[in-house]
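K.L.:
Mind folding the following:
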Amino acid sequence: MKSDTEKQVMEIYRESAPDERGLVGRRYINHVAWSLLLVTITFSAWLMLALANAENQRNALVNRKCVDRVFNTEIDHACLKTVKTRDHWWEHVGYALTHLKP
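P.N.:
Residues are numbered from 1 along each chain as shown. Sure thing, here's the model as predicted:
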């Protein structure tokens, strides 16, 4: 049998323990916000890459860097996929965001 002192100590210990029910039940709340933030950042990055690619192709067409060698009035579509008209992708994005009219 347990002594009275031991029972009192165990009762004090149980009362001083933190309430874990409140801690465990709230974990799911931040998942929605973090998931929404992750989706927004991913979508923004995808839009930036698409904008950089479109501006790269536009700049190549304006500067006539992808003219077909056989037919001078035609466009070499394979060249448009691989051409680099500026050094960095952020230069394309910066130009596209600051020059809204061609």
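
K.L.:
could you point out which element follows the longest helix seen in the chain?
P.N.:
Ranked by number of residues, the top helix in the chain under DSSP state H is helix 29-62. Sequence order places helix 77-82 as the next helix or strand after helix 29-62, per DSSP states H and E.

K.L.:
chain center to that next one: distance?
P.N.:
27 Å (Cα atoms, centre = their mean, to the nearest Å).

K.L.:
Residues contacting the following helix or strand past it, please?
P.N.:
Next along the chain after helix 77-82, taking DSSP H and E as the criterion, comes helix 89-98. Here helix 89-98 makes contact (Cβ atoms under 8 Å, 6 or more residues apart in numbering) with 48, 49, 51, 52, 53, 54, 55, 56, 59, 85, 86. To be clear about C-beta, it is placed using only N, CA and C from the backbone, and glycine gets the same treatment.

K.L.:
per-residue confidence at the second one?
P.N.:
Here, the pLDDT recorded for residue 49 equals 96.

K.L.:
do you know how far it is from residue 92?
P.N.:
10 Å (Cβ to Cβ, to the nearest Å).

K.L.:
Of those two, which one has the most company?
P.N.:
residue 92 (24 against 13; other Cβ atoms under 10 Å).
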